[in-house]
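Participant: Could you work out the structure for the sequence below:
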Amino acid sequence: MTVQRLDASRFGFDSRCFVCDDSNPRGLQVPFFEDTDAGLVFADFELAAEFSGAPTLVHGGVTLALIDEAMSWATIALASTFAYTGETTTRFEWPVRVGRPYRVEARVVDRGERRITTEAAVLDAKQRACVRATAAMVVLDPEQGAQAIGQPVTGEDASYPAGAAPAGLTGPAGAARFRNSADPPKTPVAMEQFAETLAAAQIGAEWAVADLWTELHPPLLRFLRGLHPGFAEDVESETWIRIAGGLRRFEGTEADFRAWAFTIARNRLIDWCRRDRRQASTPVEDDELAALPGSDDPAAAAAEALGLEASLALIRTLPPDQAEVILLRVLGGLDVTRVAGIVGKRPGTVRVLQHRGLRRLAAEVGAPAELASEPVAS
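Facilitator: The predicted structure follows:
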């Protein structure tokens with residue numbers, strides 16, 4: 001068995017870790033080791049009464065800190081990657097008592113581009129698993145790792161492959177945490193840091209889901225209003241339900257995500273139109289509409305709405321295929337190839353439809369002839 005102690009300096013950074021660093025007088029000072037033959041990280045510990053919850057039991061939070069530390073070291077030592085604990089599940093099966101010897105072990109059980117799955121257990125002297133845990137660890141790229149530890153990543157054993165994940169670090173437990181799953185990113189625009197925002201959203205970080213919604217909600221709603229204003233809000237709600245249901249399985253770039261979202265929106269709209277043809281609509285009385293709350297600034301909101309609605313109304317005068325292409329290209333920000341995939345047409349046909357639609361719109365608003373006939377970029 002080849003065993004070596006895990007020390008932060010070996011991986012290029014200094015630490016005052018509450019769990020493992022022996023220079024922290026207020027910490028647990030539990031040393032961790034790597035068993036390279038067994039492919040696991042472990043630590044032996046026996047805690048005194050000052051770390052108790054109930055008088056004879058180790059505090060559950062302290063036990064969780066040891067488990068998190070073990071799984072964090074597993075990502076560093078076994079997967080050569082800095083990561084933060086995105087989601088963890090723990091089951092307490094037997095009490096962990098003060099003044100008794102235990103061992104915590106952790107290993108990597110699965111690895112993807114952005115996430116690493118780890119398992120850990122606290123074993124008693126009889127090798128009985130008192131506590132079991134699994135965690136989804138979100139990978140940091142070298143720049144994010146450097147931010148987390150407060151210095152460039154160096155050291156002969158430092159090997160941190162480029163990943164894409166939210167910038168934050170919970171492990172090694174006690175290392176500088178500059179963001180966790182509850183905190184918003186420093187850069188508010190989701191699509192500027194799409195890969196990390198997506199990874200966080202896929203493990204349920206509310207700030208990341210909110211960022212994706214904030215970025216895509218306006219163009220999705222305008223696209224739907226441009227095609228069928230009567231259904232737009234309802235269809236968009238269904239669209240986000242479908243996006244939420246498939247988010248964990250999505251893989252791709254920011255452009256792929258946009259195309260996926262607009263494809264869902266278009267398909268939901270088609271379904272609503274089919275249902276509408278089979279059902280009679282119910283008119284809404286004027287007094288019911290008058291009872292709805294207004295905006296904080298009615299004048300500004302009205303001016304903005306008139307400009308937007310006027311533009312969308314003008315687009316709705318186009319043939320449906322031209323309107324759809326223009327909305328996807330202009331409001332959706334999608335390239336010709338992705339629009340072609342969404343509407344089921346060839347890229348050349350999409351370019352022609354957009355060109356014809358823009359010429360008609362230019363003629364309606366009195367744009368110069370040379371602008372109206374300008375070719376459309378791909």
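Participant: Just the buried positions in stretch 36-44, please.
Facilitator: Of the residues in stretch 36-44, those scored as buried under the neighbour-count criterion (16 or more other CB atoms under 10 Å) are 40-43. For every residue, glycine as well, the C-beta is placed using N, CA and C.
Participant: Then stretch 335-347?
Facilitator: Buried residues in stretch 335-347, counted by 16+ other CB under 10 Å: 335-336, 338-340, 342-343, 345.
Participant: doesn't Ala106 make contact with Ala79?
Facilitator: No. Counting by CB atoms under 8 Å, Ala79 sits too far from Ala106 to count as a contact (11.2 Å).
Participant: Please identify which of the two sits among more neighbours.
Facilitator: Here Ala79 and Ala106 are set side by side on neighbour count (other CB atoms under 10 Å), and the busier one is Ala106, at 28 against 18.
Participant: and the strand or helix carrying the more buried one, what other elements does it pack with?
Facilitator: Using DSSP states H and E, Ala106 sits in strand 102-111. Of the remaining helices and strands, those touching strand 102-111 by 3 or more CB pairs under 8 Å, 6 or more residues apart in numbering; DSSP states H and E are strand 40-45, helix 60-73, strand 115-123.
Participant: Please work out which of those is packed deepest.
Facilitator: Comparing those by mean neighbour count (mean count of other CB atoms under 10 Å), helix 60-73 ranks first with a mean of 24.
Participant: Using CSV, write out every CA atom in that helix.
Facilitator: Listed in CSV are the C-alpha atoms of helix 60-73, where the atom choice follows Å, rounded to 0.1, in the frame of the first residue of the first chain:
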residue,chain,number,x,y,z
GLY,A,60,-23.4,16.4,13.2
GLY,A,61,-21.9,19.5,11.6
VAL,A,62,-18.4,18.5,12.6
THR,A,63,-19.0,15.0,11.1
LEU,A,64,-20.2,16.6,7.9
ALA,A,65,-17.1,18.9,7.8
LEU,A,66,-14.9,15.8,7.9
ILE,A,67,-16.9,14.1,5.1
ASP,A,68,-16.8,17.2,3.0
GLU,A,69,-13.1,17.5,3.5
ALA,A,70,-12.5,13.9,2.5
MET,A,71,-14.6,14.3,-0.7
SER,A,72,-12.9,17.6,-1.5
TRP,A,73,-9.4,16.0,-1.1
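Participant: Now do the same for it: mean pLDDT, whole number.
Facilitator: Averaging the model's pLDDT scores along helix 60-73 yields 94.
Participant: now that helix and strand 40-45, what's the angle there?
Facilitator: On the basis of axes from the mean of the first three to the mean of the last three CA atoms, to 10 degrees, helix 60-73 is oriented at 150 degrees to strand 40-45.
Participant: Helix 60-73 vs strand 102-111, what angle?
Facilitator: Angle, helix 60-73 to strand 102-111, by the same axes, to 10 degrees: 50 degrees.
Participant: tilt between helix 60-73 and strand 115-123?
Facilitator: Computed by the same axes, to 10 degrees, the angle between helix 60-73 and strand 115-123 is 130 degrees.
Participant: Just checking: what are the partner strands of the helix or strand following helix 60-73?
Facilitator: Heading C-terminal from helix 60-73, the first helix or strand you meet, by DSSP H and E, is strand 83-92. Using DSSP bridges, the strands paired with strand 83-92 are strand 129-139 (antiparallel).
Participant: buried set for the strand it pairs with?
Facilitator: Of the residues in strand 129-139, those buried under the neighbour-count criterion (16+ other CB under 10 Å) are 130-131, 133-139.
Participant: on that earlier part again, which one of the buried residues of stretch 335-347 is nearest Thr214?
Facilitator: Distances from Thr214 to the buried residues of stretch 335-347, taken as CB to CB, are shortest for Arg338 (21.4 Å).
Participant: what's around the residue nearest to the closest one when sequence neighbours are not counted, how many residues?
Facilitator: Once flanking residues are discounted, Arg338 sits nearest to Ala259: 4.1 Å by CB to CB, 6 or more residues apart in numbering. Here the neighbour count serves as a burial measure; for Ala259 (other CB under 10 Å) it reads 21.
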